[in-house]
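1. How does the following fold in three dimensions:
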Amino acid sequence: MIRQGIALAALVSWLGCVGLIVAARRWKFGLDETRGETQKKHLLPTPRSGGMAIALGFVAGLAVVHAGGYSPWRFNLGLGLALLPLMLAAIWEDLRRHLAPLLRATAGVLSAGLAVALCGASIVRLDIPGIDPLLQHWPTLGWILAVVGIGAMPHAVNMIDGFHGLAAVVGAMILSAIGYVAFKVNDPQIMSLAGIGVGALLGFLFWNWPRGEIFLGDTGAYCIGFLAALLAVLLVERHPQISPWFALLVLAYPAWELLFSVYRRRMLRGRPGMRADSLHLHHLIYRRLARALRLGGPGHARTSVNAYTAPYLWGLAAFSIGPAVLWWNRTPLLIGSCAVFVVAYGWAYRRLM
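-> You can find the predicted model right below:
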């Protein structure tokens, strides 16, 4: 049933993208403008409603795995209620624009709090001496950490969503890694949820990369980030043999992009930490490619270099996801891999800047 759920999620997502592309071309539904923000790299108005198709695909796949007995209805209902505030904020932003950052952040925290209350998510250990006893004696501390982590990850994935295929493929890689480890520890629920998430993303990617006929939007980025963070937290919480540093490392690329960007804006440039700019690592790679390949001029060339940018960042993500999959139960190696990733990211950013 899991394979059927994955296939149905991909099909429904694919068909949903077709419908949304047609609606955008005929009735301008959810079109993203091409001017007004420095980080925009597309030439033609394009629907940014792809996340809605992904959500539909995920719901369809969830119905199948529920029917197969892999995910109980109480958990599924809790997951849907937890996602609701975040999805409402994201859909508003995708269709109407200019939702205040504070409202989006509040929606993320509210959804994360509901995930803790309704899905049982909590951070119960970090494999750090002196910290784990505190988490055991004060469970509230673990709940707070889970709210912070799950609430921040949707915005982290949204931050790396800058070019065709970038955030969607990274999300699929993260969910695939979580699904693999869930398989290793015999957790069919998390394995099935991660699998249908990958399926829904594959249906979307058919239209998104390399042609960019539809964008992920905030709805898609928030859905990916929330689901990945929630499943990673639940996987570590349920299975003591899994190192908590697996969750940190598998999510390292979007998480570090968020932390580094806030630091760079606030501490180095004196700007609000969440104000959008075009100085992310993927923007620097785009500019370097445009200069090196001389593809920065005509419209066709600009679209091409947009598609060429994402594979470099897929490689960066694999630099953290690969070790997480290899050493999911070996904390010292995972800690070392986290440190190597941060150093490699900093080196690459400095060289490109």
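2. How many residues are close by the residue nearest to Ile150 when sequence neighbours are not counted?
-> With Cβ to Cβ, 6 or more residues apart in numbering as the criterion, Ile150 has its nearest non-adjacent residue at 3.9 Å, and that residue is Ala112. To be clear about C-beta, it is placed using only N, CA and C from the backbone, and glycine gets the same treatment. Neighbour count for Ala112, taken as other Cβ atoms under 10 Å: 28.
3. now the one 4 residues further on
-> Counted by other Cβ under 10 Å, the residues lying close to Val116 total 23.
4. and if you look at Gly162?
-> Gly162, neighbours per other Cβ under 10 Å, totals 22.
5. Give the next helix or strand downstream of the longest helix along the chain.
-> Counting residues, the longest helix found in the chain (DSSP state H) is helix 299-326. For helix 299-326, the following helix or strand on the C-terminal side (DSSP states H and E) is helix 331-352.
6. ok, back up a step: and the residue nearest to Ile150, backbone torsions?
-> phi -60, psi -40 (degrees, to the nearest 10).
7. Please apply the same query to the one 5 residues further on.
-> Ala117 has phi and psi values of phi -80, psi -40 when expressed as degrees, to the nearest 10.
8. Ok, the one 4 residues further on next?
-> As for Ala121, its main-chain torsions (degrees, to the nearest 10) stand at phi -80, psi 140.
9. ok, now Glu213?
-> Dihedral angles (degrees, to the nearest 10) for Glu213: phi -80, psi -20.
10. residues contacting it?
-> Listed by Cβ atoms under 8 Å, 6 or more residues apart in numbering, the contact set of Glu213 reads Cys17, Ile21, Thr46, Trp207.
11. and those residues, which of them are in strands?
-> Mapping the contacts of Glu213 onto strands (DSSP state E) picks out Thr46.
12. Show me which pair in the contacts of Glu213 is furthest apart.
-> For these, the farthest-apart pair by Cβ to Cβ is Cys17 and Thr46; their separation is 11.8 Å.
13. what do those two both touch?
-> With Cβ under 8 Å, 6+ apart as the test, Cys17 and Thr46 both reach Glu213, Ile214.
14. who has more neighbours, the two?
-> More crowded of Cys17 and Thr46, by other Cβ under 10 Å: Cys17, with 26 against 21.
15. In this structure the more buried one contacts Phe204, no?
-> Yes: if you go by Cβ atoms under 8 Å, Cys17 and Phe204 touch, sitting 5.8 Å apart.
16. where does Arg265 land in three-state SS?
-> Here Arg265 is recorded as helix under DSSP: H, G, I helix; E, B strand; the rest coil.
17. how much space between it and Trp143?
-> Counting by Cβ to Cβ, to the nearest Å, the separation of Arg265 from Trp143 is 29 Å.
18. got it, and Leu110?
-> On the measure of Cβ to Cβ, Leu110 and Trp143 end up 14 Å apart.
19. thinking again about what came up before, can you work out which residues contact both of Cys17 and Phe204?
-> Joint contacts of Cys17 and Phe204 (Cβ under 8 Å, 6+ apart) are Gly50, Ala53, Ile214.
20. which one of those residues sits closest to Leu334?
-> Nearest to Leu334 among the shared contacts of Cys17 and Phe204: Gly50, at 32.6 Å, using Cβ to Cβ.
21. Chain neighbours aside, what residue packs nearest to that closest one?
-> Ile214 is the one closest to Gly50 (Cβ to Cβ, 6+ apart), at 4.4 Å.
22. Can you verify my assumption that the one you found contacts Cys17?
-> Yes: if you go by Cβ under 8 Å, Ile214 and Cys17 touch, sitting 5.3 Å apart.
23. Could you give the separation of stretch 313-330 from the chain centroid?
-> Relative to the mean C-alpha coordinate of its chain, stretch 313-330 is positioned 15 Å out (Cα atoms, centre = their mean, to the nearest Å).
24. Only alpha carbons, please: show it as PDB.
-> Extracted C-alpha coordinates of stretch 313-330, given in PDB (Å, rounded to 0.1, in the frame of the first residue of the first chain):
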ATOM      1  CA  LEU A 313      23.000  23.300  -4.200                       C
ATOM      2  CA  TRP A 314      21.700  19.700  -4.500                       C
ATOM      3  CA  GLY A 315      25.400  18.700  -4.100                       C
ATOM      4  CA  LEU A 316      25.800  20.900  -1.100                       C
ATOM      5  CA  ALA A 317      22.700  19.300   0.500                       C
ATOM      6  CA  ALA A 318      24.000  15.800  -0.300                       C
ATOM      7  CA  PHE A 319      27.100  16.800   1.600                       C
ATOM      8  CA  SER A 320      25.100  16.800   4.800                       C
ATOM      9  CA  ILE A 321      22.300  14.300   4.000                       C
ATOM     10  CA  GLY A 322      24.700  11.600   2.800                       C
ATOM     11  CA  PRO A 323      26.700  11.400   6.100                       C
ATOM     12  CA  ALA A 324      23.400  11.500   8.000                       C
ATOM     13  CA  VAL A 325      22.100   8.400   6.200                       C
ATOM     14  CA  LEU A 326      25.500   6.600   6.500                       C
ATOM     15  CA  TRP A 327      26.000   7.300  10.200                       C
ATOM     16  CA  TRP A 328      22.400   7.800  11.600                       C
ATOM     17  CA  ASN A 329      23.200   6.000  14.800                       C
ATOM     18  CA  ARG A 330      26.800   7.200  15.400                       C
END
